[in-house]
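In: sharing a model that was predicted from the sequence below.
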Amino acid sequence: QPSYGVNNESSESSMEEHDPVGVHRVTQASQASQLSLASQTSMYSNDSADGAPQHSLTSKQYHVSLNNKSFLCEAGANYPDNYVKTAKYSILTFLPLNLFEQFRRVANLYFLIIIAIQLLPNVAPFPIGTSIMPLAFILCVGAIKDGLEDYDRHKSDKVANSLPMMRLDASTAQFCKCVSAALQPSDIILIRRGQQIPADCVVLGCDNSNSDNRGVCYVNTSSMDGENAPKLRRALRSTVNLSEAAELAALRGYLKCPPNNKSLHGFHGAIAIEKDTLPHHNHHHHATAVATKKK
């Protein structure tokens, strides 16, 4: 039985399974999994950390429909995609942008002004080449350094955008392979134990053999905040018992949440799920959702 959740900028966290005594168990990848609803919005779960800032639902809100992407084509829709880009330059923009950045430094701009003054007749006391060569050397070294650093960023971006994912196809009720850059808001994805989380997610459910910890999973956020201690995340009570892809594909409703922010420890939003799209055995859990919709 898998775990589920509602899922902007890619989160570089990983799923972990944790014993009550604090010992990490080594299990098969298929034993610990998480199903998430991918969304380029800052979402983790309906539980926020103690003392975390809460965002008012009266401010600008994202309205993400479950298993229905028509909202992405609506007029005025401005939802971010899941493409990661940390590189600053391309082949065409490298030279002009890099020169612009280097001449923003006061020292380089000072020597450029000195060279410009030496171009005036009868002003330069020595050949102008003696001033051009040191500045050209500094610019070349700086460009090489910046170019190598940006090349590494391009490589890391390529890796981050090509992470293999399993995304739920609502029309066939089956999980299909895709890459992380192709994820869109409202996508339901399957995340296995130890796998990198490709986007901000709200947990819909979690594969956990211990019935006392049903819907509980742990994530490692050390790549974002440097903390190695696993963070506990709980699945939504209205979806925690969903264990089949067909049940997830049948879900209809919406999620409201604020746009991305810099907070790593707080999230405030509401999810409404149409009662008729939930399995009958799950209706008694429906009232525990943050927000519900009955028809």
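Out: Thanks, I have the structure now. Residues are numbered from 1 along each chain as shown.

In: where do the strands sit along this structure?
Out: If you assign secondary structure with DSSP state E, the strands in the chain sit at 4-5, 13-16, 33-38, 62-65, 164-169, 174-179, 187-192, 196-197, 203-206, 216-220, 231-234, 253-257, 270-273.

In: export those to JSON lines and tack on mean pLDDT, distance to residue 157 and mean neighbour count?
Out: (C-beta placed from N, C-alpha, C; glycine too.) Putting these into JSON lines (pLDDT from 0 to 100; distance: least, Cβ to Cβ, whole Å; neighbours: other Cβ atoms under 10 Å) gives the following:
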{"stretch": "strand 4-5", "mean pLDDT": "44", "distance to residue 157": "25", "mean neighbour count": "32"}
{"stretch": "strand 13-16", "mean pLDDT": "48", "distance to residue 157": "18", "mean neighbour count": "21"}
{"stretch": "strand 33-38", "mean pLDDT": "45", "distance to residue 157": "18", "mean neighbour count": "28"}
{"stretch": "strand 62-65", "mean pLDDT": "86", "distance to residue 157": "24", "mean neighbour count": "21"}
{"stretch": "strand 164-169", "mean pLDDT": "92", "distance to residue 157": "16", "mean neighbour count": "19"}
{"stretch": "strand 174-179", "mean pLDDT": "92", "distance to residue 157": "12", "mean neighbour count": "14"}
{"stretch": "strand 187-192", "mean pLDDT": "90", "distance to residue 157": "20", "mean neighbour count": "24"}
{"stretch": "strand 196-197", "mean pLDDT": "88", "distance to residue 157": "14", "mean neighbour count": "22"}
{"stretch": "strand 203-206", "mean pLDDT": "85", "distance to residue 157": "27", "mean neighbour count": "28"}
{"stretch": "strand 216-220", "mean pLDDT": "86", "distance to residue 157": "22", "mean neighbour count": "21"}
{"stretch": "strand 231-234", "mean pLDDT": "85", "distance to residue 157": "25", "mean neighbour count": "18"}
{"stretch": "strand 253-257", "mean pLDDT": "87", "distance to residue 157": "26", "mean neighbour count": "22"}
{"stretch": "strand 270-273", "mean pLDDT": "87", "distance to residue 157": "31", "mean neighbour count": "20"}
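
In: just put those strands in TSV and tack on distance to residue 78.
Out: Shown next, in TSV, are the strands of the chain (distance: least, Cβ to Cβ, whole Å):
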stretch	distance to residue 78
strand 4-5	24
strand 13-16	25
strand 33-38	17
strand 62-65	9
strand 164-169	22
strand 174-179	23
strand 187-192	18
strand 196-197	24
strand 203-206	25
strand 216-220	28
strand 231-234	28
strand 253-257	14
strand 270-273	20
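
In: mind checking the ones you listed for the one nearest to residue 82?
Out: Smallest distance to residue 82 across the strands of the chain (Cβ to Cβ): 6.8 Å, for strand 33-38.

In: cross-check the contact I'm expecting between residue 188 and residue 168.
Out: Yes: the criterion here is Cβ atoms under 8 Å, and residue 188 meets it with residue 168 at 4.0 Å.

In: one step back: figure out which of the strands of the chain is closest to residue 92.
Out: Closest among the strands of the chain, once you apply Cβ to Cβ, is strand 174-179, at 25.2 Å.

In: low-confidence stretches in the stretch 1-150 of the chain?
Out: Within the stretch 1-150 of the chain, the segments meeting pLDDT under 70 span 1-59, 124.

In: one more time with 90
Out: Applying pLDDT under 90 to the stretch 1-150 of the chain flags the ranges 1-81, 111, 113-134.

In: closest one to residue 94 among the strands of the chain?
Out: Comparing the strands of the chain by Cβ to Cβ, strand 174-179 comes nearest, at 26.1 Å.

In: distance from the chain centre to that closest one, please.
Out: Relative to the chain's own centre, strand 174-179 is displaced by 18 Å; criterion: Cα atoms, centre = their mean, to the nearest Å.

In: so what secondary structure elements neighbour it?
Out: Contact partners of strand 174-179 among helices and strands, from 3 or more Cβ pairs under 8 Å, 6 or more residues apart in numbering; DSSP states H and E: strand 164-169.

In: dump the residue contacts of the residue of the chain most remote from its centre.
Out: In the chain, the residue that sits farthest from the middle, by Cα atoms, centre = their mean, is residue 122; the gap is 60.4 Å. Contact analysis of residue 122 by Cβ atoms under 8 Å, 6 or more residues apart in numbering lists nothing.
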